[in-house]
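S.K.: model this:
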Amino acid sequence: MAIEDDSLRLDLLQDFGSSATFTDTSAGSSSSITVILTREYVGVDPDAAVQVESSEPVAIMRTSDVSAIAQGDTLAIGSDTFTVTSVEPDNEGMTTARLRL
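M.R.: Residues are numbered from 1 along each chain as shown. As a prediction, the model looks like this:
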């Protein structure tokens, strides 16, 4: 059970996050939201015996800001526009989106 509410989540994002423009490509609509942009390390196995390490951009945001987020939607943060490749809601009010430039 979540202890915080949606306004506390927004406070966290405003303190540590960046402004972004979320575009729902299926609806053709855009909205301004706040996200925390980070890079997570991932293991990539190019069909070899040794796994290669890499990193990918990840955005953390309030689920209420992106309730219809799906693969193929975009997030513009600064001068970069990212495409959403994976959506991972935590069922506590926050969503993580894996991104591709």
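S.K.: the biggest strand by length in the chain packs against which elements?
M.R.: For the chain, the longest strand by residue count, based on DSSP state E, is strand 29-44. For strand 29-44, the elements it packs on are helix 6-16, strand 18-24, strand 52-62, strand 74-77, judged by 3 or more Cβ pairs under 8 Å, 6 or more residues apart in numbering; DSSP states H and E. No exception for glycine: its C-beta is placed from N, CA and C like everyone else's.
S.K.: just put these in JSON lines and tack on distance to Glu92.
M.R.: Output for the helices and strands packed on strand 29-44, formatted as JSON lines (distance: least, Cβ to Cβ, whole Å):
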{"stretch": "helix 6-16", "distance to Glu92": "9"}
{"stretch": "strand 18-24", "distance to Glu92": "20"}
{"stretch": "strand 52-62", "distance to Glu92": "11"}
{"stretch": "strand 74-77", "distance to Glu92": "21"}
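S.K.: so what's Glu53 up against?
M.R.: 41-44 (Cβ atoms under 8 Å, 6 or more residues apart in numbering).
S.K.: try Glu4
M.R.: So Glu4 contacts Gly93 (Cβ under 8 Å, 6+ apart).
S.K.: can I assume it sits in a strand?
M.R.: No - using DSSP: H, G, I helix; E, B strand; the rest coil, the assignment for Glu4 is coil, not a strand.
S.K.: pLDDT wise, what is it at?
M.R.: You'll see Glu4 listed with a pLDDT of 77.
S.K.: same thing with Met1?
M.R.: Confidence score, pLDDT, at Met1: 48.
S.K.: of the helices and strands packed on strand 29-44, which is nearest Ala68?
M.R.: Among the helices and strands packed on strand 29-44, strand 18-24 comes nearest to Ala68, with 5.6 Å by Cβ to Cβ.
S.K.: in PDB, list the C-alpha atoms belonging to that closest one.
M.R.: Provided in PDB are the C-alpha atoms of strand 18-24 (Å, rounded to 0.1, in the frame of the first residue of the first chain):
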ATOM      1  CA  SER A  18      12.900  17.900 -15.600                       C
ATOM      2  CA  SER A  19      10.100  19.300 -17.800                       C
ATOM      3  CA  ALA A  20       9.000  17.000 -20.600                       C
ATOM      4  CA  THR A  21       6.400  17.000 -23.400                       C
ATOM      5  CA  PHE A  22       4.600  13.600 -23.500                       C
ATOM      6  CA  THR A  23       3.000  12.900 -26.900                       C
ATOM      7  CA  ASP A  24       0.300  10.100 -27.100                       C
END
